[in-house]
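*Asks:* I would like the atomic coordinates for the input below:
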Amino acid sequence: MKIAIFGDIHGNLPALETVLNDIEKRGIKQKYCLGDLVDFAPWGNEVIDKIKELNISCIMGNHDERIGCDLPIIPIARHSEIETEARFIAINHSKKIITKENKQFLAELPFHIKLNYKIGQKHWNIQLVHASIDSNTNYIYESEDDEIFNAMFTESKADIIFMGHTHLSYIKQIEDKWAVNTGSVGRSREENRLASYAILTLTEEKLETEIIQLTYPIDKVVEAIKNSEIPNYYADFLLNKV
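*Replies:* The predicted structure is shown next:
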């Protein structure tokens, strides 16, 4: 049995369509989204509509919560003055263009999802979070101390935890448990800037995870950003210029 897990689309419809097409070609029916559907590319409504149309189970990312619940924009200390200004403009743009219906959809997303799949006589427990168990804003990097991951395993009682938020993919084994960051569909922070998602394969004996990274028409996205009210900073980001 195979499951596809992806997230951090950030309004990038061409990247999402590329990932969904790849999942379909592989014949994978089970799909889950780790949130952050909106902000930084022009297709926030279209991305939400696609998730709804395909009835993909999705959890609430921090950007979804901010737009859906109309939360204030808080500056991030590590951001430069240029990125801070661009971020405020881009998020306020989402607040303006995301429809009332779609804001309600974002506001009603679950905070995390726990799955149990029975394969033969084996029950596999799978935890899906945006950033961490208790927060959708914590950054959990691969380099974190094992104690951080073990605390999440203890709280969730999961065999494997899937997360996003950092936009940096990794697969980390800690004894007989696994922590997986699926990377980002639409706003990768990895040098290659490819659309990233994970495939989980379950058998009675074991589970295996693979990170899939795909090229997509990034020039189309860059052009669309430049023709929108979203700051060009985010076009340059996709081109790895900032």
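
*Asks:* Please, where are all the helices along the protein?
*Replies:* 13-25, 44-53, 62-68, 81-97, 100-107, 146-156, 218-226, 233-238 (DSSP state H).

*Asks:* Would you mind measuring from the nearest residue to residue 208 once chain neighbours are set aside to residue 30?
*Replies:* The spatial neighbour of residue 208 that comes closest, neighbours along the chain excluded (Cβ to Cβ, 6 or more residues apart in numbering), is residue 201 at 4.5 Å. The C-beta positions use only the backbone N, C-alpha and C, and glycine is treated the same way. Using Cβ to Cβ, to the nearest Å, one obtains 11 Å as the distance from residue 201 to residue 30.

*Asks:* quick one: low-confidence ranges for this protein?
*Replies:* Low-confidence segments of the chain, defined by pLDDT under 70, are absent.

*Asks:* Against the centre of it, work out the most remote residue.
*Replies:* No residue in the chain sits farther from the centre than residue 121, which is 31.4 Å out by Cα atoms, centre = their mean.

*Asks:* And for stretch 53-67, what's in contact with it?
*Replies:* With contacts defined as Cβ atoms under 8 Å, 6 or more residues apart in numbering, stretch 53-67 is touched by 7-8, 10, 20, 31-39, 44, 51, 68, 71, 73, 91, 94-95, 98, 103, 106-107, 109-113, 128-131, 136-137, 164-165.

*Asks:* Quick check: the residue nearest to residue 203 when sequence neighbours are not counted vs residue 60, distance?
*Replies:* Distances taken as Cβ to Cβ, 6+ apart place residue 119 nearest to residue 203, at 6.1 Å, with adjacent residues excluded. Shown here: residue 119 relative to residue 60, a distance of 28 Å by Cβ to Cβ.

*Asks:* picking up where we left off before, run through the bridge partners of the residue nearest to residue 203.
*Replies:* Judged by DSSP bridges, the bridge partners of residue 119 are residue 122.

*Asks:* what's near enough to touch it?
*Replies:* With Cβ under 8 Å, 6+ apart, residue 119 has these contacts: 1, 202, 203, 204.

*Asks:* CSV for these, including neighbour count and distance to residue 228?
*Replies:* Converted to CSV, the contacts of residue 119 look like this (neighbours: other Cβ atoms under 10 Å; distance: Cβ to Cβ, whole Å):
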residue, neighbour count, distance to residue 228
1, 13, 40
202, 21, 41
203, 12, 45
204, 10, 49
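
*Asks:* what's the farthest-apart pair in those?
*Replies:* 1 and 204 (10.0 Å; Cβ to Cβ).

*Asks:* what's the burial count for the closest residue to residue 82 other than its chain neighbours?
*Replies:* Nearest residue to residue 82, sequence neighbours excluded (Cβ to Cβ, 6+ apart): residue 233, at 6.5 Å. For residue 233, the number of neighbouring residues by other Cβ atoms under 10 Å comes to 19.

*Asks:* Check the spacing between residue 233 and residue 150 real quick.
*Replies:* Residue 233 is 38 Å from residue 150, by Cβ to Cβ.
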